[in-house]
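Novice: model this:
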Amino acid sequence: MPPSLAESLFITIGNGFSPEVHLIVTKIQGLLWSTADIVLIWFLLKIVGLARADQARAGAVWRYRLLVLSAVLVPFLIVMPTSRAFFVLESGIFGLQFGVLIYTLATDTRSLLDFLRAIITRART
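Specialist: Next up is the predicted model:
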């Protein structure tokens, strides 16, 4: 059976990607995704910080430090010489970012929900 139009298209596109081009595209994608993750987690930490302050709880400074550490590591993705080195660094960045995210959600979900409930209650009155 002859290949479909979609199969032919993907084969043609795939043949244009050398390992070097693939690594460059992967680096760009990793840089963009890691930057987006940093921005989203930073805003989540700001919102959680407001909730913690509203309940007179201490801020979560070390979470910001881990997020900043991941941000410092992101530019090094560009200079990784091999896909293996890139993967190891990207895994470390991902681990830092999502460790902060998961820990924050696990420990501050209740305070965040209470904070949002208080805002909604104040808005109704």
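Novice: give me the element W42 is part of.
Specialist: Secondary structure assignment for W42, by DSSP states H and E: helix 19-54.
Novice: equivalent analysis for A56, please.
Specialist: Applying DSSP H and E, one finds A56 in no helix or strand.
Novice: can you tell me the closest non-neighbouring residue to V74?
Specialist: Once flanking residues are discounted, V74 sits nearest to S34: 4.7 Å by C-beta to C-beta, 6 or more residues apart in numbering. Every C-beta, even on glycine, is put in place using the N, C-alpha and C of the backbone.
Novice: from the chain's centroid, how far away is the helix ranked longest in the chain?
Specialist: In the chain, with assignment by DSSP state H, the single longest helix is helix 83-124. With C-alpha atoms, centre = their mean, to the nearest Å as the basis, helix 83-124 stands 10 Å off its chain's centre.
Novice: same thing with stretch 56-73?
Specialist: Distance, centroid of stretch 56-73 to centroid of chain: 14 Å (C-alpha atoms, centre = their mean).
Novice: most centrally placed residue in this protein?
Specialist: D37 (2.3 Å; C-alpha atoms, centre = their mean).
Novice: could you list every residue that touches the closest residue in space to that residue that isn't next to it in sequence?
Specialist: Nearest non-adjacent residue to D37, counting by C-beta to C-beta, 6+ apart: Q97, 4.9 Å away. Contacts for Q97 (C-beta atoms under 8 Å, 6 or more residues apart in numbering) come out as 34, 37-38, 41, 67, 70.
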